[in-house]
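Undergrad: Provide a 3D model corresponding to the input given below.
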Amino acid sequence: MEPVKEVEGRAYPFGMKNVDTDIIIPAKWLKTISRSGLGQGAFEALRKEPDNVFDDPRYAGAPIIVAGDNFGCGSSREHAAWALIDMGVTAVIAPSFSDIFSGNAFKNGILTVVLPQEAVDRLLEVAKTDTITIDLENQTVTTPFQDRFTFEIDPFRKACLLGGLDEIGLTIRSDDAIAAFERMDAARRPWLVPAAA
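TA: Numbers count the residues shown, from 1 in each chain. You can find the predicted model right below:
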């Protein structure tokens, strides 16, 4: 997982409320266990509409989505996070998120930023013309117009995102402690140690 320290760039001024995971990635795309290629199916139903924000060249490759309340509700499909990553999104700003989506996003290296509706409304306006910067270390979202919004984040999630650590990375960081325990346990309970072939 890549570290997330600062996310800066254009943002999709999406704003839609109650976007469920079926809107993020339709069920027909769930037949794969591969994480690549899902960006093509991201927001597929919305992309059928003319002048949709996701196909607007002004926002092509934007790393941020500014969304509405209850983003990621519905089923628990992890493919929703995979689809966002595959389309280049590393942060979503919204007034609230589904707990399951927020967990899946975190485990896949996507920063979810909860801000009050007034701040989201302001960012939706700024996103139409200018960049947005999210500084995870200082927990701020800023704009070129001196807007500065602070957000809260669980300290464990913050540390993992800053360090680029998923469950595998966390386990590898504890490799020495795990090896020491295995040696101690083998000495204490030798009958559990497999015999050499």
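
Undergrad: By mean pLDDT, flag the weakest helix or strand of the protein.
TA: helix 167-173 (a mean of 88; mean pLDDT, DSSP states H and E).

Undergrad: The protein: strands as residue ranges?
TA: Assigned by DSSP state E, the strands in the chain fall at 6-9, 11-13, 64-66, 91-94, 111-114, 132-135, 140-142, 148-150.

Undergrad: Buried deepest among those strands, which one?
TA: Among the strands of the chain, strand 64-66 has the highest mean neighbour count (mean count of other C-beta atoms under 10 Å), at a mean of 29. (C-beta placed from N, C-alpha, C; glycine too.)

Undergrad: Which strands or helices does that one pack on?
TA: Helices and strands touching strand 64-66, by 3 or more C-beta pairs under 8 Å, 6 or more residues apart in numbering; DSSP states H and E, are strand 11-13, strand 91-94, helix 117-127, strand 132-135.

Undergrad: Would you mind telling me which of the ones you listed is nearest Leu170?
TA: Each of these has some distance to Leu170 by C-beta to C-beta; the shortest is strand 91-94, at 21.3 Å.

Undergrad: Contacts for that closest one, please.
TA: For strand 91-94, the external contacting residues (C-beta atoms under 8 Å, 6 or more residues apart in numbering) are 4, 7, 11, 63-72, 84, 105, 110-115, 120, 123, 132, 134, 141.

Undergrad: so what's Cys73 closest to, chain neighbours aside?
TA: Nearest non-adjacent residue to Cys73, counting by C-beta to C-beta, 6 or more residues apart in numbering: Ser98, 4.4 Å away.

Undergrad: in this structure, which spans are helices?
TA: Taking DSSP state H, the helices of the chain run over residues 21-24, 44-47, 79-86, 99-107, 117-127, 155-163, 167-173, 175-188.

Undergrad: Export the ones you listed to a markdown table and append columns for mean neighbour count and distance to Ala196.
TA: Below are these laid out as a markdown table (neighbours: other C-beta atoms under 10 Å; distance: least, C-beta to C-beta, whole Å):
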| stretch | mean neighbour count | distance to Ala196 |
| --- | --- | --- |
| helix 21-24 | 22 | 49 |
| helix 44-47 | 14 | 55 |
| helix 79-86 | 25 | 42 |
| helix 99-107 | 20 | 38 |
| helix 117-127 | 18 | 61 |
| helix 155-163 | 15 | 37 |
| helix 167-173 | 11 | 26 |
| helix 175-188 | 10 | 13 |
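
Undergrad: quick one: terminal-to-terminal distance for stretch 161-177?
TA: 22 Å (C-alpha to C-alpha, to the nearest Å).

Undergrad: residues making contact with it?
TA: Contacts for stretch 161-177 (C-beta under 8 Å, 6+ apart): 1-5, 106-109, 111, 136-137, 159-160, 178.

Undergrad: same thing but at 7 Å, please
TA: With contact meaning C-beta atoms under 7 Å, 6 or more residues apart in numbering, stretch 161-177 is reached by 1-5, 107, 109, 111, 136-137.
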